[in-house]
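Chemist: No sequence on hand, only this structure:
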């Protein structure tokens with residue numbers, strides 16, 4: 001899938017939201033002005049300044065986001081910007097998408113791609129033992145009787161699913177690897193391992209909630225492939241996982 005259209009979905013919804021908020025702000029400024037003047041002569045000026053500051057930060061944040069995407073480099077406050085997108089803008093974009101007919105799944109995909117772009121533009125580097133590769137349990141073959149959620153190294157590496165390849169990739173770069181059955185276990189794994197960065201494979205819902213929960217820890221999210229439908233025998237693009245790991249690892253560990 002082409003990542004650029006995904007990012008454009010989020011940016012387009014963001015621009016539309018800013019325009020609507022600007023109109024709403026103008027109405028908030030225009031309608032009460034007469035009443036405020038009757039209360040105190042200085043209130044209209046104070047009120048106007050407050051709304052002007054709100055509009056300034058709204059548009060400057062949007063422009064900063066666009067410039068960061070266009071340049072592909074960290075400009076200013078990328079980490080704070082990720083937090084604002086994850087905690088504030090993303091829920092608004094879901095609502096705005098519903099209003100204009102953009103599916104929740106497409107907004108989630110756009111959010112993940114935009115988050116990945118901001119994380120990569122920040123060039124955050126870490127040591128292998130502080131990097132966590134977090135996988136969903138649905139990548140394991142559905143008929144497998146081996147329990148790997150407690151310890152992924154229990155995998156017998158039969159090759160019927162991609163757990164074997166992902167373990168070998170984690171071993172190659174000496175990064176931590178774990179499997180989660182859901183958001184609660186994923187949060188516990190993050191707390192126990194205390195990573196400085198995370199590469200996560202999951203569906204749209206789990207990735208978006210995981211990115212939000214993990215902030216300010218940088219997360220690169222990789223959507224799983226679902227040839228048999230959701231939550232059963234899903235797959236991961238091994239090359240994408242490898243690229244994401246290398247994006248986080250310090251230069252001295254990239255020669256492996």
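Modeler: Happy to help now that I have it. Bear in mind that the values here come from a model prediction, so they are computed numbers and not experimental data.

Chemist: Report how many residues lie close to residue 171.
Modeler: For residue 171, the count of nearby residues is 11 (other CB atoms under 10 Å). C-betas here are computed from N, CA, C, even on glycine.

Chemist: Buried residues, stretch 174-181. List them.
Modeler: Neighbour counts over stretch 174-181 (16 or more other CB atoms under 10 Å) mark 175-180 as buried.

Chemist: can you give me the helices for the stretch 151-256 of the chain?
Modeler: For the stretch 151-256 of the chain, the helices defined by DSSP state H, counting those that start in this stretch cover 163-173, 183-193, 204-214, 238-248.

Chemist: Check which helices and strands the third one is in contact with.
Modeler: In this case it means helix 204-214. For helix 204-214, the elements it packs on are helix 104-121, helix 183-193, strand 197-202, strand 219-223, judged by 3 or more CB pairs under 8 Å, 6 or more residues apart in numbering; DSSP states H and E.

Chemist: Buried residues, that helix. List them.
Modeler: Across helix 204-214, burial judged by 16+ other CB under 10 Å covers 204, 206-212, 214.

Chemist: which two from those end up farthest apart in space?
Modeler: Spatial extent of the buried residues of helix 204-214 (CB to CB) is set by the pair 204 and 214 at 15.8 Å.

Chemist: closest one to residue 149 among the helices of the stretch 151-256 of the chain?
Modeler: helix 183-193 (7.1 Å).

Chemist: Now find how far off-centre that closest one is within its chain.
Modeler: Chain-centre distance of helix 183-193: 17 Å, with CA atoms, centre = their mean, to the nearest Å.

Chemist: ok, and what's touching it?
Modeler: 132, 134, 149, 176, 178, 180, 198, 200, 206, 209-210, 213-214, 217 (CB atoms under 8 Å, 6 or more residues apart in numbering).

Chemist: and the spatially closest residue to residue 107 that is not a sequence neighbour, what does it touch?
Modeler: Counting by CB to CB, 6 or more residues apart in numbering, residue 107 lies nearest to residue 97, which is 4.4 Å off, once chain neighbours are set aside. Shown in contact with residue 97 (CB under 8 Å, 6+ apart): 9, 13, 103-104, 106-107.
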